[in-house]
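> could you work out the structure for the sequence below:
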Amino acid sequence: MKLGLQLGYWGAQPPPNAPELVQAAEDAGFDAVFAAEAWGSDAFTPLAWWGSATRRVRLGTSVVQMSARTPAACAMHALTLDHLSGGRFVLGLGVSGPQVVEGWYGQPFAKPLARTREYVSIVRQALAREAPVRNDGPHYPLPYEGAGALGLGKPLKPITHPLRADLPIWLGAEGPRNVALAAEIADGWLAIYYAPRLAGMYRDWLGDLREGFEVAATCQVVVTDDAKAVRELLKPMVALYIGGMGAPGMNFHAEVFTRMGYGEVVADVGRLFRSGRKTEAAQAVPEELVGEITIVGTADEVRAEVARWEAAGVTQLLVGCRDVASINAVAAACQPVEQVLIWEGDRTLEHRQDAAGPHRSGRS
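Numbering: from 1, shown residues only. Next up is the predicted model:
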């Protein structure tokens, strides 16, 4: 199982220890580092700034919101970061929701699937650089010839030659049609609130996948001896996404939990959260629900759960560790029990567990 560090989006201030976390993730053998955006910090700049100190990990957006920038501008960001990172960039895209798209970006939310299809097509044309980019669709017409146009628009190819025409594009998707679209036009699915119990349903949505298609699931992974206490701490965030990250009647996160069979919980949590009773909303989230979408327990329990998620089709876990110790603990727990590599600076300590107990040998 590959691991990705999910830095997420910033709160009121940038996270003070992000450079330390990024370096620790690379040292611990993580496959990638991801940044996100909502309506504050953007996703590209942190990757360029903090990622400049890395040499191996992939740098990805999970996700950038399509309405935040035109597809051509997004392609410019992607090809630039791909060059700067030496071919390590992953472009994760998402449509967001109507509250953000129409309230923050001032763009219409209608027909998100059709918009996504056009958006990805334009980005791929720009990265291929085989011909001037054109699009005849209604959402992102190129060249633009609508109201206010001077009629002078010229189809263009990017001046800069992209490093990779096949730069991977992943889609953040929650509903069945959007997940199916990811399988059709993208190179990976960024899943949120994935539940291994529903693996069969996801397989039906995804259909026959191309070789190399990745399923990257955001999942809180915590190595602890007190799983119940940790799940209690995670409940407020689940309540926020059920009750506060979408409009009543159109909350895609809430719909995910409804499809999981928690319809009554969604109704209760949403009602409490929207009435300002956020503590009660968190208390209304069952521990069982949190347990389905997270991996929390001892190292052995985490290792077994990671194997279960992998068997359910997940190729990468995006984890939100907030300190170096947690990164190292997750990395160790996700290694096969026969060999665990723990990175400390420029040295690797090889920790083998067998009948005689643990053994460590340092090597540079």
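> the closest residue to Gln65 other than its chain neighbours and Arg117, how far apart?
With sequence-adjacent residues excluded and distances taken as CB to CB, 6 or more residues apart in numbering, Gln65 is closest to Ser96, at 4.4 Å. Any C-beta I mention is one placed from the backbone N, CA and C, and that applies to glycine too. Distance, Ser96 to Arg117, using CB to CB, to the nearest Å: 16 Å.
> Ala217 too?
23 Å.
> again with Val179
On the measure of CB to CB, Val179 and Arg117 end up 14 Å apart.
> ok, these two, which is more surrounded?
Val179 (21 against 15; other CB atoms under 10 Å).
> ok, the more buried one - contacts?
173, 189, 191, 202, 205-206 (CB atoms under 8 Å, 6 or more residues apart in numbering).
> tell me where the stretch 151-300 of the chain has helices.
Listed in chain order, the helices of the stretch 151-300 of the chain (DSSP state H, counting those that start in this stretch) span 176-185, 199-206, 227-243, 252-259, 263-274, 278-283, 287-293, 299-311.
> so how far is the longest one from its chain's centroid?
The chain centroid and the centroid of helix 227-243 are separated by 19 Å under CA atoms, centre = their mean, to the nearest Å.
> neighbour-wise, which of the contacts of Val179 leads?
Trp189 (29 neighbours).
> and the nearest residue to it once chain neighbours are set aside, what's its pLDDT?
Closest residue to Trp189 apart from its sequence neighbours, by CB to CB, 6+ apart: Ala182 at 4.5 Å. We have a pLDDT of 98 for Ala182.
> going forward, count from 29.
Sure thing, new numbering starts at 29, so read that last one as Ala210.
> residues contacting Ala210?
Ala210 sits next to 198-199, 201, 216-217, 234 when contact means CB under 8 Å, 6+ apart.
> okay, those in TSV with pLDDT next?
Formatted as TSV, the contacts of Ala210 follow (pLDDT from 0 to 100):
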residue	pLDDT
Trp198	98
Leu199	98
Ala201	94
Gly216	98
Trp217	98
Leu234	97
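> and these, which two are furthest apart?
Trp198 and Leu234 (13.1 Å; CB to CB).
> could you pull up phi and psi at the closest residue to Lys182 other than its chain neighbours?
The spatially closest residue to Lys182, leaving aside those adjacent along the chain, is Pro171, at 6.4 Å (CB to CB, 6+ apart). Here is the backbone geometry of Pro171 (degrees, to the nearest 10): phi -70, psi 160.
> show me where pLDDT drops low in the stretch 229-378 of the chain?
Across the stretch 229-378 of the chain, the stretches falling below the confidence threshold (pLDDT under 70) are 275, 364-378.
> for whichever strand or helix holds Cys102, C-alpha coordinates in CSV please.
Assigned by DSSP states H and E, Cys102 belongs to helix 99-112. What follows is helix 99-112, C-alpha atoms only, in CSV (Å, rounded to 0.1, in the frame of the first residue of the first chain):
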residue,chain,number,x,y,z
PRO,A,99,-8.5,24.8,-17.8
ALA,A,100,-5.8,26.5,-19.7
ALA,A,101,-4.5,28.2,-16.5
CYS,A,102,-4.7,24.9,-14.7
ALA,A,103,-2.6,23.3,-17.4
MET,A,104,0.0,26.1,-17.0
HIS,A,105,0.2,25.4,-13.3
ALA,A,106,0.5,21.7,-13.9
LEU,A,107,3.2,21.8,-16.6
THR,A,108,5.2,24.3,-14.5
LEU,A,109,5.2,22.3,-11.3
ASP,A,110,5.9,19.1,-13.3
HIS,A,111,9.1,20.8,-14.7
LEU,A,112,10.1,22.2,-11.3
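> tell me the mean pLDDT over it?
Averaging pLDDT along helix 99-112 gives 98.
> and the residue nearest the centre of this protein?
Nearest residue to the geometric centre of the chain (CA atoms, centre = their mean): Ser90, 3.6 Å.
> any idea how far that one is from Ala71?
Counting by CB to CB - Ser90 and Ala71 are separated by 8 Å.
> overlap in contacts, those two.
Shared between the contact lists of Ser90 and Ala71 (criterion: CB under 8 Å, 6+ apart) are residues 63-64.
> Arg350 touches Leu49, doesn't it?
Yes: with contacts counted by CB atoms under 8 Å, Arg350 reaches Leu49, the gap being 7.3 Å.
> these two - which one has more neighbours?
More neighbours surround Leu49 than the other of Arg350 and Leu49, with 22 against 13 (other CB under 10 Å).
> so which strand or helix has that one?
helix 46-55.
> need the next SSE after that helix, C-terminal direction.
Moving toward the C-terminus from helix 46-55, the next helix or strand (DSSP H and E) is strand 60-63.
> helices or strands up against the helix or strand following that next one?
Proceeding N to C from strand 60-63, the next assigned helix or strand is helix 72-79, under DSSP H and E. On a contact count with 3 or more CB pairs under 8 Å, 6 or more residues apart in numbering; DSSP states H and E, helix 72-79 meets helix 46-55, strand 60-63, strand 86-89, helix 99-112.
> same thing but 10 Å
helix 46-55, strand 60-63, strand 86-89, helix 99-112, strand 117-122 (3 or more CB pairs under 10 Å, 6 or more residues apart in numbering; DSSP states H and E).
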